[in-house]
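for reference, the sequence and a predicted model appear below.
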Amino acid sequence: MDIRPILSTLLRHKTAAALIVLEIALTCAIICNALFMVGERLTQMRQPSGIAVDELVRIQIIPIGNDADAAAQTRSDLQMLRSLPGVTGATTTNQVPFVNSSWNSGVNLEPDQQQSTLVATTYMGDDQFLDTFGVELVAGRYFTADELIPHAALSDPEQEVRVPGVVVTRTLAERLFPGENPLGKPIYVWGDEPVRIVGVVANLIRPGNAGGPESSEYTLIMPVRANYDLGGQYIIRTTPERRQEILASAGDALRANGPKRIILEDNTKTFRELRDEYYQQQRSMVWLLGIVCIALLLITALGIVGLASFWVQQRSKQIGIRRALGATRGQILRYFQIENFLLATIGIVVGMVLAFGINQMLMGRYELPRLPLVYLPIGAVALWLLGQIAVLGPARRAAAVPPAVATRSV
């Protein structure tokens, strides 16, 4: 079909055509960025944590005043917790996943680096850390009990502490030593002395979202016995069906085992509850962006329908003349579909430029990653299909105009 008559008609109706083009462009720009943001959040929520989420509970406890014998109290607590019926593991650590604060350390490959290679989160773990959390060791080994460093020794300037090794995630190992075997490789963290990698775990997500999704598994495990007064994180593993039971019985046992302490009830939860609360904002954002996308597409479709219906009404005599001259219904239908396709294409091209502009603004203000090119054809195809579906009704009405309409004013 010759598109010159279509272009001539659009040029005679510049304002209406420009409004539809602008509407499609804005919709394209917003849809592309909204789909990207939805994809980012869904990726975060589906990311493997590396821990047995459905088997873990967390009890957070703090001392009343200073506990001079926190190390002994922690050993007593852990021995008691591990003896409870239904408990398959118990440990302490300085932090847990699915919270918004974390312990972070700069990681260097050379001792005299001016700027850290990257920033990783640091878990302090005893010899039961991996088994309790359910973290999978994929290479090397884990720490033995005699390698563990008392936490008090780290803050004592009179003690010279040597860290015997560090366990890292597979993601961190690949980032530091791409394509190489990381076992035995030295890194510089927690001081000027090199620490060698002795083990690699499959996954272990960091608390919070510092550094964005690409650094969510930049994670270290250091061989440190964390006393209960260091954040008060008691982690207990049990079967999924006994989580609430163990949560209650372990809390009562800890109160009885050391009365001069407070259990933080608001932070004492199963890890499933911690995870659900942590991702609540992301889920809400996904729903909100989904509603915005649907609303924008609906408004754009209504705009296309309204304009096409108006043009059909305005051109009914011309359509009748074309029918009288031999144009078929299929040709009239294709005319309006091609007209809409041209408007949509112009709007999509402008919208792609706007999409990158919006993405640059979001990158500067909200640390959003660069918009991948794959989202542009997705947005384009969606709007092309929407335009063809929306114009189908008015185009069918135009194709049904009888040739006799051309003679009504004669």
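In hand now; what should we look at?

could I get the full set of helices for the stretch 201-350 of the chain?
Secondary structure of the stretch 201-350 of the chain (DSSP state H, counting those that start in this stretch): helices located at 243-257, 271-278, 280-314, 316-324, 329-366.

and those helices: which comes nearest Leu204?
Proximity to Leu204 (C-beta to C-beta) singles out helix 271-278 among the helices of the stretch 201-350 of the chain, at 13.3 Å. Just so you know, the C-beta spots here come from the backbone N, C-alpha and C atoms, and that holds for glycine as well.

dump the helices of the stretch 201-350 of the chain to TSV, plus mean pLDDT and mean neighbour count.
Formatted as TSV, the helices of the stretch 201-350 of the chain follow (pLDDT from 0 to 100; neighbours: other C-beta atoms under 10 Å):
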stretch	mean pLDDT	mean neighbour count
helix 243-257	91	17
helix 271-278	94	17
helix 280-314	85	15
helix 316-324	72	18
helix 329-366	80	18
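
can I assume Gly122 sits in a strand?
To be clear, residue 122 is Thr; Gly isn't right here. Yes. Counting by DSSP: H, G, I helix; E, B strand; the rest coil, one finds Thr122 located in a strand.

now stretch 166-176: mean pLDDT?
Across stretch 166-176, pLDDT averages out at 95.

what's that stretch in contact with?
Stretch 166-176 has contacts (C-beta atoms under 8 Å, 6 or more residues apart in numbering) with 50, 107, 109, 117-118, 120, 125, 137-138, 140, 142-143, 182, 185, 187, 189, 195-204, 217-223.

likewise stretch 250-269?
Contacts for stretch 250-269 (C-beta under 8 Å, 6+ apart): 57-65, 67, 73, 76-77, 80-81, 84, 87, 228, 232, 234, 236, 247, 277.

in strands, which of these fall?
Taking DSSP state E as the definition of strands, these contribute Val57, Arg58, Ile59, Gln60, Ile61, Ile62, Pro63, Val87, Tyr234, Ile236.

need the helices of the stretch 201-350 of the chain in a markdown table with distance to Asn100, can you?
Formatted as a markdown table, these follow (distance: least, C-beta to C-beta, whole Å):
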| stretch | distance to Asn100 |
| --- | --- |
| helix 243-257 | 22 |
| helix 271-278 | 8 |
| helix 280-314 | 10 |
| helix 316-324 | 62 |
| helix 329-366 | 16 |
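
could you say which one of those helices comes nearest to Val99?
helix 271-278 (7.0 Å).

ok, residues contacting the closest one?
So helix 271-278 is contacted by 49, 51, 53-54, 56-58, 96-100, 243, 269 (C-beta under 8 Å, 6+ apart).

excluding chain neighbours, what is closest to Ala120?
Of all residues not flanking Ala120 in the chain, Tyr218 sits nearest, at 4.1 Å (C-beta to C-beta, 6 or more residues apart in numbering).

quick check: that neighbour vs Trp190, distance?
For Tyr218, the distance to Trp190 (C-beta to C-beta, to the nearest Å) stands at 15 Å.

Leu81 contacts Thr92, doesn't it?
No. The pair Leu81 / Thr92 is not scored as a contact, 9.7 Å apart, by C-beta atoms under 8 Å.

quick check: neighbours shared by those two?
Tyr234.

between these two, who's got more neighbours?
Thr92 (29 against 23; other C-beta atoms under 10 Å).

just the pLDDT for the more buried one.
So Thr92 comes in at 94 (pLDDT).

what residues does it make contact with?
By C-beta under 8 Å, 6+ apart, Thr92 lies in contact with Thr74, Leu78, Asp126, Arg225, Ala226, Asn227, Tyr228, Leu230, Gln233, Tyr234, Ile235.

any idea of the pLDDT on the fifth one?
Per-residue confidence for Ala226 comes out at a pLDDT of 90.

cool, and Pro213?
70.
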